[in-house]
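J.: got a sequence here, can you model it:
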Amino acid sequence: MLFVWITADAKEKGLHFDNTGKIIAPDQEYMWQGYKDEKDGFRDSALKNFKKAAEFGNYHAMSLVGLYMLHDKDYTMAHAWLNLINLDKFPNREYMNDIIKGLENLMTSDELQKAKLAKAELLETYGNYPALLRREKWKKSMRFTGTRIKGHIPPHLTFTLNSGVVVNGSDAKHQVDNFVYEYEFDIGQGEVTLDDVEIIEDNQN
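T.: Numbers count the residues shown, from 1 in each chain. Here you go, the predicted model:
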């Protein structure tokens with residue numbers, strides 16, 4: 001048995017699990033870091049992390065960026081960011097609708113047109129297809145022992161967590177692929193311990 005570590009490109013979040021064996025998606029990690037930055041008074045860093053989370057398709061992150069813009073009275077960008085969200089999949093839909101309608105009452109027709117153009121530009125980075133590509137990039141940033149193919153999780157790998165829970169390679173691959181290709185927005189409630197993860201490589205072929 002050989003103990004190794006997951007490696008990933010320096011600018012990417014690695015593969016982490018909670019103490020039950022569920023993967024912690026990178027957008028959620030960026031969200032938690034953003035919350036911490038906000039609490040600690042590092043607003044610019046918080047905004048940067050929320051934007052990173054939004055790149056993966058996280059609607060909550062988009063709403064927070066929009067609210068930051070609203071707080072700064074940048075109504076054009078606030079409107080653009082808030083209209084990126086699919087409200088059918090967003091909690092407190094009515095509340096968000098009220099904010100958007102309130103914005104529109106404050107904006108001129110010229111500002112609304114600029115917001116429409118700004119949204120189109122934002123979609124190039126934060127739209128559904130760019131978000132899919134971003135999740136694929138995250139997957140391909142990781143290299144696991146036993147393979148030179150980035151993003152490929154060998155089925156014989158065993159992930160042993162500090163909590164004692166064991167996740168096999170097939171389950172990890174299934175969870176990663178679900179995040180990448182079947183992404184579902186989750187507002188992410190509750191506390192999770194981000195412990196280091198050990199991978200045990202089985203010598204069997």
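J.: what is the top helix by length along the chain packed up against?
T.: Under DSSP state H, the helix in the chain containing the largest number of residues is helix 109-126. Contacts defined by 3 or more Cβ pairs under 8 Å, 6 or more residues apart in numbering; DSSP states H and E place helix 109-126 against helix 43-55, helix 75-82. To be clear about C-beta, it is placed using only N, CA and C from the backbone, and glycine gets the same treatment.
J.: which of the ones you listed sits closest to residue 162?
T.: Evaluated with Cβ to Cβ, the helices and strands packed on helix 109-126 place helix 43-55 nearest to residue 162, the distance being 24.7 Å.
J.: pull the distance from the helix or strand just after the closest one to the chain's centre.
T.: Where DSSP states H and E defines the elements, the next helix or strand beyond helix 43-55 is helix 59-71. How far helix 59-71 lies from its chain's middle: 15 Å, per Cα atoms, centre = their mean, to the nearest Å.
J.: and if you look at stretch 55-66?
T.: What separates the centre of stretch 55-66 from the centre of its chain is 9 Å, taken as Cα atoms, centre = their mean.
J.: for this protein, which segments count as strands?
T.: Under the criterion DSSP state E, strands of the chain are mapped to 2-4, 7-8, 16-17, 23-24, 142-143, 157-161, 166-168, 197-201.
J.: packing partners for the third one?
T.: In terms of contacts (3+ Cβ pairs under 8 Å, 6+ apart), strand 16-17 is packed against strand 23-24.
J.: who touches the strand it packs on?
T.: Around strand 23-24, the neighbours that count as contacts under Cβ atoms under 8 Å, 6 or more residues apart in numbering are 15-18, 172, 175-176, 179, 192, 194.
J.: which single one of those residues is nearest to residue 139?
T.: Using Cβ to Cβ, these come closest to residue 139 at residue 176, 5.9 Å.
J.: now do the contacts for the closest residue to that closest one other than its chain neighbours.
T.: Spatially, and ignoring its direct neighbours in sequence, residue 176 is nearest to residue 139 (5.9 Å; Cβ to Cβ, 6 or more residues apart in numbering). Neighbour list for residue 139: 151, 176, 180 [criterion: Cβ under 8 Å, 6+ apart].
J.: could I get the phi/psi values of the first one?
T.: Backbone torsions of residue 151, given as degrees, to the nearest 10, read phi 90, psi -10.
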